[in-house]
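*Asks:* have a look; sequence and predicted model below, questions after that.
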Amino acid sequence: MDSIIVAFSNDNNRNRIAEILESGNHIPRKLCRSGKEAIRTVRELGRGIVVCGYKLTDMTADDLAYDIGDIGRVLVIAPPTMLDMCENTSICKIPTPLKRSELLSSVEMLIDLNVSKSASIKSQRSDEEKEIILKAKALLMEKRSMTEPEAHRYMQKRSMDSGFKLISTARLILSAYAAKAD
């Protein structure tokens, strides 16, 4: 079962969404006020679904979706005009006024997507590929003074911008630093 994180800057909205989820047997793991808190929670849990408004105290839903990347999904509940401002195509959107059934069915769908995605990701990477990715992250951490999440995000962004898979990006990073050492 995926962890559900509810993130709204408004206490009433946050509690109302949590109550609806609980009524559908989807108990939120954490209630958050900020995007940073939601990101930290998803990373600690390893994966999750963040149910949030478009604008949090410190970032937008687009920023949140970008920062959690492949380890989470974002479900935004907001007025249609604000949903139109969401640029990230991976964001799932529900317009207000909110219908309980729509929220619960959307959460179910995202849980199903995360389960199937996790299964396919685990089967796609070999131990050798995982090791190469870890080495590239370690190199970025050492040479560029990045934290592990920063190195991972850097590699993800380079991967998406270039259209290469993460493993190819990791190999390019390793070979670029090997060439500089020579």
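*Replies:* Great, that's in hand.

*Asks:* alpha carbons only for contacts and neighbour counts from here, please
*Replies:* OK.

*Asks:* any low-confidence regions in this structure?
*Replies:* Residues of the chain that meet the criterion pLDDT under 70 lie in 1-2, 114-124, 181-182.

*Asks:* each with direction, which strands does the biggest strand by length in it pair with?
*Replies:* In the chain, taking DSSP state E as the definition, the longest strand is strand 72-78. Sheet pairing of strand 72-78 (DSSP bridges) gives strand 48-52 (parallel), strand 92-95 (parallel).

*Asks:* quick one: closest of those strands to T169.
*Replies:* Of all the strands paired with strand 72-78, strand 48-52 sits nearest to T169, with 25.2 Å by CA to CA.

*Asks:* run the chain-centre distance for the closest one.
*Replies:* On the basis of CA atoms, centre = their mean, to the nearest Å, strand 48-52 sits 8 Å off its chain's mean C-alpha point.

*Asks:* ok, now which ones touch L31?
*Replies:* Residues in contact with L31 (CA atoms under 8 Å, 6 or more residues apart in numbering) are 5-7, 14, 18.

*Asks:* that one belongs to a helix, doesn't it?
*Replies:* No. Secondary structure of L31 (DSSP: H, G, I helix; E, B strand; the rest coil): strand, not part of a helix.

*Asks:* start the count at 53, not 1, going forward
*Replies:* Sure, I'll start counting at 53 from here, so that last one is L83.

*Asks:* excluding chain neighbours, what is closest to it?
*Replies:* Leaving aside its chain neighbours, L83 sits nearest to V58 (4.9 Å; criterion: CA to CA, 6 or more residues apart in numbering).

*Asks:* report the separation between the one you found and M207.
*Replies:* Applying CA to CA, to the nearest Å, the value for V58 to M207 is 28 Å.

*Asks:* between the two, who's got more neighbours?
*Replies:* Neighbour count, other CA atoms under 10 Å: between V58 and M207, V58 has more, with 26 against 23.

*Asks:* quick check, the more buried one in contact with R68.
*Replies:* No. Counting by CA atoms under 8 Å, V58 sits too far from R68 to count as a contact (10.1 Å).

*Asks:* in contact with A117, which residues?
*Replies:* 124-126, 140, 142-143.

*Asks:* kindly recompute the last result at 6 Å.
*Replies:* V126 (CA atoms under 6 Å, 6 or more residues apart in numbering).

*Asks:* what of the one 3 residues further on?
*Replies:* Counting by CA under 6 Å, 6+ apart, I120 makes contact with I91.

*Asks:* mind checking how far it is from M111?
*Replies:* Taking CA to CA as the measure, I120 falls 13 Å from M111.

*Asks:* check E96 too.
*Replies:* Distance, E96 to M111, by CA to CA: 20 Å.

*Asks:* who has more neighbours, these two?
*Replies:* Neighbour comparison, E96 and M111: the larger count goes to M111, with 13 against 10 (by other CA under 10 Å).
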